[in-house]
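fold the following for me, if possible:
(2 chains)
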Amino acid sequence: MAIPHFIAMLLFSFLVSVAFAVLSKDTPRDQFIYGAKVFGAFVGVALVLGWLMYFLPHR
Amino acid sequence: MAKRAVVEETKPKAKVESAPRQPPLGRLIWLWVAAWAVPGLGHYLLRRKWRALILFVCIVSMFVFGLAMKGQFFATGTESYLESLGYFGEMCVGLAMPVAKFFGYSGGDPFFVSADYGTAFLVAAGMLNVLAILDVHDIALGRKP
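Below you'll find the model as predicted:
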């Protein structure tokens, strides 16, 4: 199964953030908020790093 | 005065009641093995059914996506320490890796376009299962609700 790297990154971020949220927090509300934050952090940091690397010299 | 005496009498009792009970070592080992073998099973045995279901779905689907993207199975006995670490990381998913081998998964294709991501999915699934095992340990000891 060949999927675009961005979709694979979103999928990875979603599954890991759900697991982190379930393991770290106890109430459903806290789990949802923490999971959303972790997911946003994963995607945001990946996009920022991606744009930073875009400006590096390449062939 | 009488009120104070009542408060002082009740305090130590409350402490004794809230102290977590340590499970026997055999039960603890059984929980570790169950949590390792099938993601979420340890939580299920501790009656955390929703947590067990969510962890099972997350970890197993991560592993299956890793297989679908032709992620690499590492092996021990090579010169590279990183490969050995990768092997132990993937083994942390439990029975999923031997089952995938049993059903004919050849160990991935490093030249496939999504293979690197697939390998990351396989190892991350194992690492999440380690966190789940530690969570089971904490719940069994009464450190977590």
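
count of residues packed around B:Val60?
B:Val60 has 18 neighbours, counted by other C-beta atoms under 10 Å in any protein chain shown. To be clear about C-beta, it is placed using only N, CA and C from the backbone, and glycine gets the same treatment.

give me phi/psi at it?
Dihedral pair for B:Val60: phi -70, psi -40, per degrees, to the nearest 10.

what is the neighbour count of whatever residue of chain A ends up closest to chain B?
Shortest chain A-to-chain B distance, computed as C-beta to the nearest C-beta: residue-wise this is A:Met1, at 4.0 Å. With neighbours defined by other C-beta under 10 Å, the count for A:Met1 comes to 12.

ok, B:Trp128 to chain A distance?
Just so we're on the same page, residue B:128 is Leu rather than Trp. 5 Å (C-beta to the nearest C-beta, to the nearest Å).

my guess is that residue meets A:Ala21, correct?
No. Using C-beta atoms under 8 Å, B:Leu128 is not in contact with A:Ala21, being 11.8 Å away.

quick one: name the residues of chain B near chain A.
By the rule C-beta under 8 Å from any C-beta of the partner chain, the part of chain B lying against chain A is B:51, B:54-55, B:58-59, B:61-62, B:65, B:68-69, B:112-114, B:117, B:120-121, B:124, B:128, B:131-132, B:135, B:144-145.

generate a ChimeraX selection restricted to the buried entries among these.
If you want just the buried ones from these in ChimeraX, going by 16 or more other C-beta atoms under 10 Å in any protein chain shown, the selection is:
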select /B:51,54,55,58,59,62,65,69,112,114,117,120,121,124,128,131,132,135
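
got phi/psi on the residue nearest to B:Ile139 when sequence neighbours are not counted?
Once flanking residues are discounted, B:Ile139 sits nearest to B:Leu46: 5.2 Å by C-beta to C-beta, 6 or more residues apart in numbering or on different chains. Taking degrees, to the nearest 10, you get phi -90, psi 10 for the backbone angles of B:Leu46.

now do the contacts for the residue of chain A closest to chain B.
Applying C-beta atoms under 8 Å, 6 or more residues apart in numbering or on different chains to A:Met1 gives the contacts B:65, B:68-69, B:114.

can you count the residues close to B:Tyr44?
Quick note: B:Tyr44 (other C-beta under 10 Å) scores 18 neighbours.

hmm, it is touching B:Ile54, no?
No. B:Tyr44 is beyond contact range of B:Ile54, at 11.4 Å (criterion: C-beta under 8 Å).

and the lengthiest helix in chain B, what other elements does it pack with?
Using DSSP state H to define each element, chain B has its longest helix at helix B:115-140. In terms of contacts (3 or more C-beta pairs under 8 Å, 6 or more residues apart in numbering or on different chains; DSSP states H and E), helix B:115-140 is packed against helix A:5-24, helix B:25-37, helix B:41-45, helix B:49-68, helix B:81-91.
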